[in-house]
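>>> Sequence and predicted model, in that order:
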Amino acid sequence: MTRAGAALVTLLVGLAAAAFLVAANDPGEILRLLAAAGGWGVLAVVALRLPQILFAALGWAPLIADPGRPGWAALLRMRWIRDAVNALLPVAQIGGDVVRARLLVRRGVGAVPAMASVAVDLATELAAQAAFAAIGLAVLLRLPHRDDAAGWVIAATAVCAAMASGFLAAQRWGLFRLAERLRPRRKSGPAAPAPARMTGLHAAVLHLHRAPRRLWASTAAHLLSWLLGTLEAWAALRLLGVEAGLAEALVIESLGQLARSLGFLVPAGLGVQEGGFVLACGLFGIPPEQALAFALLRRIRDIAFGLPGLVAWRWEAMAAAPAAVATAGPAGRTPPS
């Protein structure tokens, strides 16, 4: 099966799972809850997403070890586009990271530093999420909740921590050195395809791993980004009539996002995120209808942020095309210097 075929299959499975969850409960009540949230309420939830993207971009910045690193506004735009691709296109949840690496190269950063920054940023973000999940678990154990469901929370948190540790260890122990050896042997140079310009990626990643200040700064910014999601979750729950405090919102947000990350092969975490929020809300006795309305409200937020992000991405691609044509000589060749 091709990569596109596998993505389509997982997308259809995710859509079917989400549709089943809605149909198995009360679709009319779910729609009523969403309608009661109102347009201004939805806009407030959408607005609370912006600080999260900003701190995620700031978490990426220390890892771009290149003098051509763009400013925070450009990084915010790239992170926004990355999230839009992952949320709305039928790609696994790393497709947007390939896009942001290419955007970074277009901004003048070398291909190797760009790819290294994205690879290590994924690891620090995952490590921050594991810490966020652990915080959520600690808060959960101090709140009244369904004891019979706490086991899966502990297991999922442990899996996330193992994934983060494993990914960091693999990067240090030669994951990208192996990738360099397995890549096709092609000519190097500015006109060579991207895989041929990856020589030195392992060394660049290792350089970042040997810079603890960069790693800690990145992880701290990503953790703050995850924690800010608690405010968005709290606001969304209140809009839907759920009398939840910040502590409950933190647990629900951490576990819902954890479920989405564990289902990273499913485009946009369709079905996985919805199921995660239903389970997390169920810990506090929140009915499935309110949990699904909450999950769908987050999908509305993804669309509201994602559609302009995709437009911005295509605009950048169209703007870059004339520049590439102007740089190339006859028959697409680069003119001699």
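Sure, I can see it. Residues are numbered from 1 along each chain as shown.
>>> Run through the helices of this structure in chain order.
3-23, 27-47, 50-60, 72-88, 95-106, 111-140, 150-172, 175-182, 201-209, 212-239, 246-262, 272-282, 288-327 (DSSP state H).
>>> between those helices, which one is nearest to Asp66?
Set against Asp66 and scored by CB to CB, the helices of the chain come closest in helix 111-140, at 4.1 Å. For the C-beta atoms, the positions are set from N, CA and C on the backbone; glycine is no exception.
>>> Packing partners of that closest one?
Helix 111-140 is packed against helix 50-60, helix 95-106, helix 150-172, helix 201-209, helix 212-239, helix 246-262, with contacts defined by 3 or more CB pairs under 8 Å, 6 or more residues apart in numbering; DSSP states H and E.
>>> which of the residues in the shortest one are buried?
When you say that, I think you mean helix 201-209. Under the neighbour-count criterion of 16 or more other CB atoms under 10 Å, helix 201-209 has Leu201, His202, Ala204, Val205, Leu206, Leu208 buried.
>>> Show me what it is packed up against.
Applying 3+ CB pairs under 8 Å, 6+ apart, we find helix 201-209 packed against helix 111-140, helix 150-172, helix 175-182, helix 212-239.
>>> And for the third one?
The criterion is 3+ CB pairs under 8 Å, 6+ apart, and the helices and strands that helix 150-172 contacts are helix 111-140, helix 201-209, helix 246-262.
>>> how about a cut-off of 6 Å?
helix 111-140 (3 or more CB pairs under 6 Å, 6 or more residues apart in numbering; DSSP states H and E).
>>> again, but for the longest one
Under the contact criterion of 3+ CB pairs under 6 Å, 6+ apart, the helices and strands touching helix 212-239 comprise helix 27-47, helix 50-60, helix 111-140, helix 246-262.
>>> What part of this protein, helix or strand, is modelled with the least confidence?
helix 175-182 (a mean of 76; mean pLDDT, DSSP states H and E).
>>> returning to what we had before: using a markdown table, lay out the helices and strands packed on helix 212-239 together with mean pLDDT.
Output for the helices and strands packed on helix 212-239, formatted as a markdown table (pLDDT from 0 to 100):
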| stretch | mean pLDDT |
| --- | --- |
| helix 27-47 | 90 |
| helix 50-60 | 97 |
| helix 111-140 | 94 |
| helix 246-262 | 92 |
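>>> Reformat the ones you listed as TSV; add mean neighbour count and distance to Leu296.
Formatted as TSV, the helices and strands packed on helix 212-239 follow (neighbours: other CB atoms under 10 Å; distance: least, CB to CB, whole Å):
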stretch	mean neighbour count	distance to Leu296
helix 27-47	15	6
helix 50-60	21	19
helix 111-140	23	22
helix 246-262	23	12
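>>> low pLDDT regions in the stretch 151-300 of the chain?
Scanning the stretch 151-300 of the chain for pLDDT under 70 picks out 183-197.
>>> follow-up on the earlier one: output the helices and strands packed on helix 212-239 as JSON lines; include the columns distance to Ser218.
Shown next, in JSON lines, are those (distance: least, CB to CB, whole Å):
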{"stretch": "helix 27-47", "distance to Ser218": "25"}
{"stretch": "helix 50-60", "distance to Ser218": "5"}
{"stretch": "helix 111-140", "distance to Ser218": "4"}
{"stretch": "helix 246-262", "distance to Ser218": "17"}
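>>> So for Ile303, which of those helices sits nearest?
That would be helix 27-47 among the helices and strands packed on helix 212-239, by CB to CB, at 9.5 Å.
>>> Now do the closest one: everything it contacts.
With CB atoms under 6 Å, 6 or more residues apart in numbering as the test, helix 27-47 has contacts from Glu232, Ala235, Ala236, Leu239, Leu240, Glu289, Leu292, Ala293, Arg301, Ala304.
>>> Now for the residues you listed: which two are most distant?
Among those, Glu289 and Ala304 lie farthest apart (CB to CB), at 22.4 Å.
>>> Just want to know which of the two has more residues nearby.
More neighbours surround Glu289 than the other of Glu289 and Ala304, with 20 against 16 (other CB atoms under 10 Å).
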